[in-house]
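Pasting the sequence and the predicted coordinates here, then a few questions.
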Amino acid sequence: MYGYLIRRLLQFAVVLLLGSIAVWGFTFALPGDPATVLLGPDASEAELAATRDRLGLGGSVVEQYVSWIGHAVAGDLGSSYYSGQPVVSELLDRIPATVQLAGLAMALTLLIAVPVGTAVALWPRSVVGRTLQGYLTAGLAVPAFWLGLLLIIVLAVQLRWLPASSDFVPLWRDPGGALTATILPASAIAVHTSSVTARFLATSLGEVMGKDYIRTARAKGVPERDVIRRHALRNASLPTVTIVGLQLGGFLGGTVVIEAVFNYPGLGRLLYTAIGERDYSLVQGGVLFVVATFVLLNLLVDVFYAVLDPRIRLT
Amino acid sequence: MSGGALDGVVRDGNAHSGTTPGVPDRGAGQPVLRLRDLTVEFTTSAGVVRAVDGMSYDVFGGETLGVVGETGSGKSVSVLAALGLLRTPNLRRVSGRALLGDVDLLALPEPDLRRRLGRDVAMIFQDAISALNPVQRVGHQIAEALRVHDRALSAAAARTRVVELLDMVGVPHPGTRYDQYPHQFSGGMCQRVMIAMAIANRPKVLIADEPTTALDVSVQAQILDLLRVARQETGAGVVLITHDLGVVAETADRVSVTYGGRIVEAGDVTQIFTRPRHPYTAALLGALPRLDTASDRLLPIPGQPPDPSELPPGCAFAPRCPISRGRALCTELRPEPVPDGGGAGASACHFPDEAASLLTARPDGEQAAPVDERAEPAGTRESAGAPVTAGGPAAPVLDIREAMARFPVRSGLLARPSAWVHAVDGVSLRVPAGRTLGLVGESGCGKTTLARLVLRLVEPTGGQIMVDGDDVGKAGRSQLRRIRRRAQMVFQDPYASLNPRLSVGDNVAEPLRLQGVPHGRRRLEVADLFTRVGLRPEHADRLPAQFSGGQRQRVAIARALASRPGLLILDEPVSALDVSVQAQVLNLLADLQRASAMAYLFVSHDLAVIRQVADEVAVMYLGRIVESGSVRRVYDDPRHPYTRALLASVPVPDPVGRAGRRRVPLGGDVPSPVDPPSGCRFRTRCPLAAAVCAEEEPPLRLIAGGHTACHFAEQTPGLKPAERTPALKPAEQTPGPEPAERAAGQEPEVRG
Amino acid sequence: MTTAPDVPAPAPRRRLASLRRFIRSRSAVAGAVGLLVLAALALFAPLIAPFDPAAQDGEPLLGPSGAHLLGTDQLGRDILSRLIHGARASLIAAAGAAAVGAGIGVPLGLLAGYLGRWVDAVAMRLVDLLLAVPGILLALVIIVVLGPGRLNLILAIGIGAVPEFARLTRVATLGIRDRDFVLAARGMGASTPDTMVRTVLPNVLAPIVIQLVVTASMAVVVEAGLTFLGLGTPPPAPSWGGMLQDARSYLYQSPSYGLFPGLCLVATVLCLDRIGRGLQLAVSGGGPNVATRITTGGAV
C-alpha cells in the first residue's frame, strides 16, 4: 500500500509542479512586462519594484520560477491590483463560503445519488426505476445555472420564500440562515451532479450484480437484500469514489456560473470578477490554489480507494 | 482430519461404492435431486433461444453424476436455472421441475429458495478466483455460508468451524489464511476455498460446474481428489458438470451426455465409455486424442456444434451424425430418450444399437481426406523450396540456443525493476522441416513466452534464436520483417486473434498487404488459402463474429499460411475449441504439414494433444526444459519426476480399471518464477528431492535416448505409463505424510 | 470428411446489427431526429425565423403574444428569432469542441496506451494537469490568455475535453494492446504506426464515438455558461447563454424571458444524451456503459 501511495504522491507532486509552472507562465503569455501585467497600468514604481523582486525578474528563467514559487509557498502571492489587499487574504476571505457551498452541494448529491442509483440499478424495469431514470435524464439535461435561474424565478421572485441572491452566512454563526442562504445554489448544483453520480453508480452496480461472486453469494443462500448490501454496494462504490472526488474538486473552484447566478461570494465569483477587472495577481493566485486543492483531494481519493480495496492495499 | 478419508480415496478411485465402478449405490432409495423436463429459454436478437430443451436427470445420495457436453449444450445453464441463479435480463422462461427431495425449487418463492441454497444444495463454480468477493476476507465469506443458515452461530464459533473446514480442504495455515483476501490465493487454493464453502453445511447435493477447467493438470488432480473427499465427508450426491471426458471417466459413477440442450445418452460410466448407445457419445470418444494410445489420425465429428437458436426439427445431432446418413427418421422426428434393456441407461437415438460400432471403426482407407487432394498443388509449390526426405534428419528450420527472457517486476518509488521474472531461462530446441516439436508445460512455465520469442514479439534477454539460419535477435527492421514472413504464429484464442473490425478475408490478406501484394492478387490468394483450410471462399467478406471458434481458427491458420512460412508457431491452437472441433483442426494441421513440409513448434498444456501431434516433445517447468526426446521416449519412458507426475495427473477417458490407477497427485502450485528455487527448480514439489537437488542444478543429460534434467534420472525406473503405477514412490509407500498435507506444506505461502 | 467446408450461419454483418439496435431504441431515434431538426433550424435560420434577430422593432420585454410568439427582449428583439439564430452558436461550439477534444485527446491516448513507458507517463501527467483545473475555470483562463472570439471559445472548451478523450482512448488501447490480434499484426511484420492506425484504432472507436456525443452536450452547456458570464459568444450575435444573461437582469420585469433559452439548452442536451445512450446500447448490445460523463462541466 505504501508503495502505491508513494507512487501516487510522486505523480501528484509532478502534476503540482507542472501546474504551478503553467500558472506562473500564464503571466508571460499575456502581452507586456509580467510585473505590469500583474499590477495593471496604474501601479506605482515602488509596487512595480517589489513585484519584480518577488518574481525574480532579471534572473534566469529557473531563478524567476523559484523566486515566485518560493514566495507563493511562503504565502506571498502579491497583492490584488484592484483592492490592494494581499491575494492570500482575499482568497482566505472567500474559502469558507466556497467550502460551505461545496459541502452542502456534495451532501445533497450523495443523499440523492446513492438511493436513486441503487434503485435504478436493481429495478430498472419497475415503475420506481423508470421514474427515477426519468429524473436522471432530466437532471443531466438541465444546466445547473439555468435551474438556478428557474429556482430564483419561482422561489424568490414569484413566491418570495428565499432570497434571490445568496450572501454568505457562516454555518457556525447561524445554521438556519446559512442553510437558507446556501440551499438554492447547492440544490441547483446537486440536481445535476447527483444525476451524474447516480447514473455512474447504477452502471457499476449493474456490472457488479452480474459478477461471479454475486452468484456465489446467492448460491450460499444469502438473502437478496444482504447480497446487495454486503457484496454488491461496496464493490460498486469503488469507481464511484473517483467521480465523487472529481466533483468535489470541481465544487471548490468551478462553480463560477452558479455563483454568478446567485451573486454568491465564493471563490469562483472572486476569480470571475478578477478576470473581468484584469486583476491578474488574484487570478494567478486563485488558480494556483484551486489546482493545489484539486491535486490534494485526488490524493485523498486514492488513499480512500486503498482503504476500500484490499487488492491495492496489500500489494 | 482429512487423513483417513483422503488416504482411502487415494488408494481406491471408487472408494464409496466399494463395488465395481459404475454401479451406483441405489440403496439410498430416493434421489436427492431430480430434474424433470427442465426447459430454459432466452430472448435474443435471433429470436427465442431454447438453451435447455427438456432435460431430466436424477442424482442419488453419495454418488457422482457426470454431466458431460460441449460448449452451449446446456449443461451449466440447466443447473443455474434450477437453482434460480440465472439472472440475465434476457432470460425468458424456465419451466419443468427441479425437485430437491419433494420440494420443487422452481416453484419456491425466492426467500424460501435461498433458505435451501447453500444448506441443502451447494455449488462449486468454474472460475474460483472471480467467484470470491475480492474485497472480503476469505474466512468471512465461508463463515457467511454458515451464519446465514444458522443465525444463532456466534462469530467466534463460526471462525473455529471455518478454520476446521479450511484445514480439511487442504489450505495450509488456515488460521492465517482466514484473514486473507482472494487475490492472495492461487487458483487451486481458491477452488479449495469454494469447496470448503460448499460443504460447510453438509448439503445433500453438491453441484460442481467445471470445477477444474481453469486449473493446471496437476492442480486439477488435487481438486478432483478433494471432491471425492467432500462427497464422502458429506454423503452428498455430486453433480459434476464438465466438458472433459477424462474427468468424467475418472470420477463419475453415472454419466449424462448433453447435446443441443438435451440429454442424448445416460448410463453408468463403464457402459458410456465402452458401449455407447448414442452416436454422439461414440463420435466424441473417437475425436479425443489419447494419452495412452496414439492413433495416426483422429476421427473428428464434421461440422459445428448446433446453434441453439436454430436447432433442426429432428435429432439435433443428425446433421453431423455418422450413422444417420440422411435417414428421414433422423431429420424429421426428434428422438426421445429410450431406456435400454438393463434399465440403467437411456439413449435418445433412433438407432442406438448402431452407435457402438463407431468405436471399433478405425481411421483407414476412407481417411484419404479431401484436403490432401486440394492442398496438393499448393503443397508441391511450397515443398519445392524445402524438399523433405522421409525420415531423414533435415537442417533445423528453428534452432533455439540458450534462449532467455526476463521481465522486470517494477515496484517502489520510481518503478525500478526490483526483481526479474525468469520466464524463459536458457532453453535450447531444434525443429527440422516437416517435423513437429511439442512443447508442454503448466501455466506460467514460460512456454508461451518462448513461442513469442521466436518472432521477437518478446525481446530476448539472452541466447540465440535462428530461423532458417537467420538470427532473430540480431535482425534489423527489414530482416526481422523477412523472418516474420517465414515464421508465422497461430494463437490460442481464435476469438481474440482475428481483428474483429476486418472481414475474415481481409484478416487473411493482411500479411499479403504488408508485403505489398496488389489488391487483385490478394483476392485470388485468399480464395486459394480459404480452400486449403476448408473454408468457403465466398465467405471471405464476412466478419469474424459470424464464425464459430473452429472456423475462426481455420481463418487464423489461413492467415498464417498466407506468407508461405516454413515454420508455424502454434500456441495452444486447439485449447479453446470443443473436442469435436479440436480433432478437425488437428487433422487439418497434420494434412497441411504433410503437404508442405512446414516445421511446427506446437505449444500446449494438453499432454494428450501433444502426443497426438508431435514427433519430439520438450517438457518445460519454470522457464527450463526438464525433459525432451521423442514422443515414445517421453511418454512411455519418462525419467523426470515432473514428467511422470504430469502424466499420472492426466485423467484418462477410460473408466475401466480406474480403481487400479492409483494416483498420487503432484502437490502444491508452480512456484513463482520471480524467485525460482535454487538448484533443481522442481525440487520443492519433487518426491525424490535430496540435498544435492537444492545445491546443484541438474543439466539436461542424455538418458535412454532422450534428455532429462534430473540427478536421479537413472533411478526413476522406466515403467510403462499404460500400467499407470504410481509415479511417485515415496509418497505411495510411506504411510506417513499424506499427499494433500505435503502439498500444502510445500506451497509458497503468499502470492504477489 | 475432415475438411468438409464449414458453412457459417448467414448472420447479418455486425455493423448493421449495431445500426439496427440503435434504430430499435425509440428514444435514440427521437434524439437523432431532434438534433437534425435543430441543425436544420440553425442552418436555415434566416429562412425560418420570423424576424431579423437584430431588429429592435418591438416593444421591449413583451410577454408571449400573437406577433411575437415568445415575446421580446429588453431591446424589443423577437425572442423566437433570436433562439433560432442562437442554435448556431451552440451547435458550432458543440461540434468544434468535440473535434478539438478528440483531435488532441485520441492521438494522445493512443500513443500513451500503445507505447506505454515514458510516453504514457508524460501524457498522463498532462492529462492530470488539465483535469486539475475545473472545466469552466480552465476555459475562462484559456480565454483570458487567448482573448475572446468564437474560435478561441471552441479551443477553450475543446481543451477541457481532451483529458476524457485521452483517458478513454488509453484505457481502450491498453485493453487490446496485448490481445492476440494485435500481436498477430506485429508477427506479420506490421510496423508500429501501421499497427496503431489499422489494427488498434478501429477497435477503440466505439467509446470514442460515444464520448464525441457526450462532449458535444457538455460543450453546449459550457458555451452557454461562458456566454452567460460574458466571456463566450460575443454580444451582438444571438446565443442562448447571452439571452439568459439578459434575462437574469430583467427577472422581475419579464420572468418568462429566462424560460425559453433554457428550454432550448435542455432540449439540445436531451437529444444528445439520448443519442449517446442509443449508441451505447448499439455497441454493447445492452451491456454496461462504455463511457460515462464524469467531467463536472455541466455543473457550472
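That came through, no problem. Residues are numbered from 1 along each chain as shown, chains lettered A, B, ... in the order given.

C-terminal to the lowest-mean-pLDDT helix or strand in chain A, which secondary structure element comes first?
Sorting the helices and strands of chain A by mean pLDDT, DSSP states H and E puts helix A:34-39 at the bottom, at a mean of 73. Counting by DSSP states H and E, the next helix or strand C-terminal to helix A:34-39 is helix A:45-55.

what angle do the next helix or strand after that next one and helix A:45-55 make?
Downstream of helix A:45-55, the first helix or strand assigned by DSSP H and E is helix A:61-73. In terms of direction (axes from the mean of the first three to the mean of the last three Cα atoms, to 10 degrees), helix A:61-73 departs from helix A:45-55 by 100 degrees.

what's helix A:61-73 packed up against?
helix A:2-29, helix A:45-55 (3 or more Cβ pairs under 8 Å, 6 or more residues apart in numbering or on different chains; DSSP states H and E). All C-beta spots, glycine's among them, are computed from the backbone N, C-alpha and C.

Can you say which of the ones you listed is nearest to B:Pro511?
helix A:2-29 (40.8 Å; Cβ to Cβ).

With chain B in mind, check whether the closest one reaches it.
Yes: for a cut-off given as Cβ under 8 Å from any Cβ of the partner chain, helix A:2-29 has contacts with chain B, namely A:3, A:6-7, A:10.

From the residues you listed, list just the buried residues.
A:Arg7 (16 or more other Cβ atoms under 10 Å in any protein chain shown).

The residue nearest in space to the middle of chain C: helix or strand, and which one exactly?
In chain C, the centroid-proximal residue (Cα atoms, centre = their mean) is C:Ala216; its distance is 0.9 Å. If you go by DSSP H and E, C:Ala216 is part of helix C:201-229.

Residue 246 - how many residues pack around it?
Just so you know, I chose chain A. Neighbour count of A:Leu246, defined by other Cβ atoms under 10 Å in any protein chain shown: 21.

should've been chain C
As a burial measure, C:Asp246 scores 21 neighbours (other Cβ under 10 Å).

host element of it?
Here C:Asp246 is assigned to helix C:240-249, by DSSP H and E.

Only alpha carbons, please: show that helix as PDB.
C-alpha atoms of helix C:240-249 as PDB (Å, rounded to 0.1, in the frame of the first residue of the first chain):
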ATOM      1  CA  TRP C 240     -28.800  31.100 -25.600                       C
ATOM      2  CA  GLY C 241     -26.300  31.800 -22.900                       C
ATOM      3  CA  GLY C 242     -26.300  35.500 -23.700                       C
ATOM      4  CA  MET C 243     -30.100  35.600 -23.700                       C
ATOM      5  CA  LEU C 244     -30.100  34.000 -20.200                       C
ATOM      6  CA  GLN C 245     -27.600  36.700 -19.100                       C
ATOM      7  CA  ASP C 246     -30.100  39.400 -20.200                       C
ATOM      8  CA  ALA C 247     -32.900  37.500 -18.600                       C
ATOM      9  CA  ARG C 248     -31.000  37.500 -15.300                       C
ATOM     10  CA  SER C 249     -31.000  41.300 -15.400                       C
END
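
ok now whichever helix or strand comes after it, how far from the chain's centre?
For helix C:240-249, the following helix or strand on the C-terminal side (DSSP H and E) is helix C:259-284. From the chain centre to the centre of helix C:259-284 is a distance of 10 Å (Cα atoms, centre = their mean, to the nearest Å).

before we move on, the earlier item: what are the contacting residues of the helix holding C:Asp246?
Identification of contacts with helix C:240-249 by Cβ atoms under 8 Å, 6 or more residues apart in numbering or on different chains yields A:145-146, A:149, A:261, C:73-74, C:79, C:82-83, C:86-87, C:89-90, C:223-230, C:232-233, C:235, C:254, C:257-258, C:260-262, C:264-265.

that older thread, the residue nearest to the centre of chain C against C:Leu272, yeah?
Yes: the pair C:Ala216 / C:Leu272 is scored as a contact, 5.5 Å apart, by Cβ atoms under 8 Å.

if I look at those two, which residues touch both of them?
With Cβ under 8 Å, 6+ apart, C:Ala216 and C:Leu272 have common neighbours C:Ala94.

how about low-confidence regions in the stretch 201-300 of chain C?
Counting by pLDDT under 70, the stretch 201-300 of chain C shows low-confidence ranges at C:284-300.

closest point of chain C to chain A, which residue?
Using Cβ to the nearest Cβ, the closest approach of chain C to chain A is made by C:Pro134 at 2.6 Å.

burial of that residue, as a residue count?
29.

among the contacts of helix C:240-249, which ones are buried?
A:145-146, A:149, A:261, C:73, C:79, C:82-83, C:86-87, C:89-90, C:223-230, C:232-233, C:254, C:257-258, C:260-262, C:264-265.

how far is the helix holding C:Asp246 from where the chain is centred?
22 Å.

before we move on, what about stretch B:619-634?
20 Å.

quick one: buried residues of that stretch?
B:619-629, B:631, B:633-634.

Throw those residues into TSV and include pLDDT, distance to chain C and secondary structure, thanks.
Output for the buried residues of stretch B:619-634, formatted as TSV (pLDDT from 0 to 100; distance: Cβ to the nearest Cβ, whole Å; DSSP: H, G, I helix; E, B strand; the rest coil):
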residue	pLDDT	distance to chain C	secondary structure
B:Val619	92	25	strand
B:Met620	91	20	strand
B:Tyr621	89	24	strand
B:Leu622	86	22	coil
B:Gly623	87	20	coil
B:Arg624	88	24	strand
B:Ile625	89	23	strand
B:Val626	89	27	strand
B:Glu627	91	29	strand
B:Ser628	90	25	strand
B:Gly629	88	29	strand
B:Val631	87	22	helix
B:Arg633	86	29	helix
B:Val634	87	27	helix
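
How about the secondary structure of B:Val49?
strand (DSSP: H, G, I helix; E, B strand; the rest coil).

just B:Gln136 next, same as before
Once three-state DSSP is applied, B:Gln136 turns out coil.
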